[in-house]
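Q: have a look at this prediction, sequence included:
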Amino acid sequence: MQNYSKGRASFKAIVEAWQDMVYNTAIGIVQNAEDAEDITQETFVQVYQSVHSFRGEAKVSTWIYRIVVTNHWIMCERRKEKKRFAFVQSLFGETEAIHPPDFHHPE
């Protein structure tokens, strides 16, 4: 339980130290507060999930910046996918459900 508390406190410190940089980077890219908030949240989820793999070969700020940019790209791709499927669905009508396939890129 003590390790959990230390980990939680450490993560909280990371968020407090970098949240402004993450949000400002995201808002600079997307120019939309709601999207920037989504990217910020996704970034810190990813930081939490992968902090154990951070090797210190780059600065923490560089590592987090790359996560922000990656999350922006992922969000844009999801949006494009939704638009494509909405278009296809509009061709078939609302009654026929079309679901995007699960695809995992080999890289």
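A: Sure, I can see it.

Q: switch to C-alpha atoms for all contacts and neighbour counts from now on
A: Fine.

Q: buried sites along the helix or strand hosting residue 41?
A: Using DSSP states H and E, the secondary-structure element containing residue 41 is helix 33-50. Across helix 33-50, burial judged by 16 or more other CA atoms under 10 Å covers 35, 36, 37, 39, 40, 41, 42, 43, 44, 47, 48.

Q: elements contacting it?
A: Contacts defined by 3 or more CA pairs under 8 Å, 6 or more residues apart in numbering; DSSP states H and E place helix 33-50 against helix 2-30, helix 60-92.

Q: between the ones you listed, which gets the lowest average pLDDT?
A: Among those, helix 60-92 has the lowest mean pLDDT, at a mean of 81.

Q: quick one: buried residues of that helix?
A: So for helix 60-92, counting by 16+ other CA under 10 Å, buried means 64, 65, 67, 68, 69, 71, 72, 75, 89.

Q: redo the residues you listed as JSON lines? Include distance to residue 7.
A: JSON lines is the format used below for those (distance: CA to CA, whole Å):
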{"residue": "64", "distance to residue 7": "18"}
{"residue": "65", "distance to residue 7": "22"}
{"residue": "67", "distance to residue 7": "20"}
{"residue": "68", "distance to residue 7": "22"}
{"residue": "69", "distance to residue 7": "25"}
{"residue": "71", "distance to residue 7": "24"}
{"residue": "72", "distance to residue 7": "27"}
{"residue": "75", "distance to residue 7": "28"}
{"residue": "89", "distance to residue 7": "45"}
